[in-house]
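A.B. asks: using only what follows, build the 3D model:
(2 chains)
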Amino acid sequence: QKEVEQNSGPLSVPEGAIASLNCTYSDRGSQSFFWYRQYSGKSPELIMSIYSNGDKEDGRFTAQLNKASQYVSLLIRDSQPSDSATYLCAVNPGTGFQKLVFGTGTRLLVSP
Amino acid sequence: DVKVTQSSRYLVKRTGEKVFLECVQDMDHENMFWYRQDPGLGLRLIYFSYDVKMKEKGDIPEGYSVSREKKERFSLILESASTNQTSMYLCASSSRGNQPQHFGDGTRLSIL
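C.D. replies: Predicted coordinates:
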């Protein structure tokens, strides 16, 4: 069974610090990787997509992918209280239909 | 921007009722999905569709059916609502290939 694992947290960081969120996946053939942010009571919002090994930066967010080690991470620089949310990692296993496998999410708390 | 619109944000129904949840997307996406999300259980896929009039069972299809008569619209039907179907229901869409899914705002459904 294809799995995506995340630490449920909460991960607590002070305002201005770097938050590091990690995700591992089981299917070595996985093709594409996504990070979603979900505020309490709201729906998931796409914040990053990454398809090849290495880093991808978008503003304060950096996604890192290492296919050999089967992990993907999200770094949030200069964390703000408004970043407090649950972050979902999603992986496309790359076989057949383009379903995503979601992790259960990591709750991030940024304290002022 | 992708817009996925779910017909209701909050809905209250009674056990035994037939319930319809509607979802419309405006980006000509081929793929559409229905999930439910419960605390501690993450996102669970109910049904998905990769083309008009096509549907596939997800991980938890029991008690649900779907309809996709037009490309932009994907309906979820609870044939005879039960209290264990009280949940947050999320619709998503994506284009073909290794593309992310985009979510609607969700419908919080309560079955009394």
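A.B. asks: any idea how far residue A:89 is from the residue nearest to residue B:38 when sequence neighbours are not counted?
C.D. replies: Distances taken as Cβ to Cβ, 6 or more residues apart in numbering or on different chains place residue B:87 nearest to residue B:38, at 5.4 Å, with adjacent residues excluded. Bear in mind the C-beta positions are built from the backbone N, C-alpha and C, glycine included. Computed as Cβ to Cβ, to the nearest Å, the residue B:87 to residue A:89 distance reads 22 Å.
A.B. asks: now do the strands in chain A.
C.D. replies: Listed in chain order, the strands of chain A (DSSP state E) span residues A:4-5, A:11-14, A:19-25, A:32-38, A:45-50, A:54-58, A:61-66, A:71-76, A:85-92, A:101-102, A:106-111.
A.B. asks: picking up where we left off before, who's in contact with the residue nearest to residue B:38?
C.D. replies: By Cβ atoms under 8 Å, 6 or more residues apart in numbering or on different chains, the residues touching residue B:87 are B:36-38, B:108-109.
A.B. asks: up against chain A, what does chain B have?
C.D. replies: Proximity of chain B to chain A is assessed by Cβ under 8 Å from any Cβ of the partner chain, with B:31, B:33, B:40-43, B:45, B:48, B:50, B:56, B:58, B:90, B:94, B:96-106 identified as the residues in range.
A.B. asks: so of these, which ones are in strands?
C.D. replies: If you go by DSSP E, the residues of chain B next to chain A have B:31, B:33, B:42-43, B:45, B:48, B:56, B:90, B:94, B:102-103 in strands.
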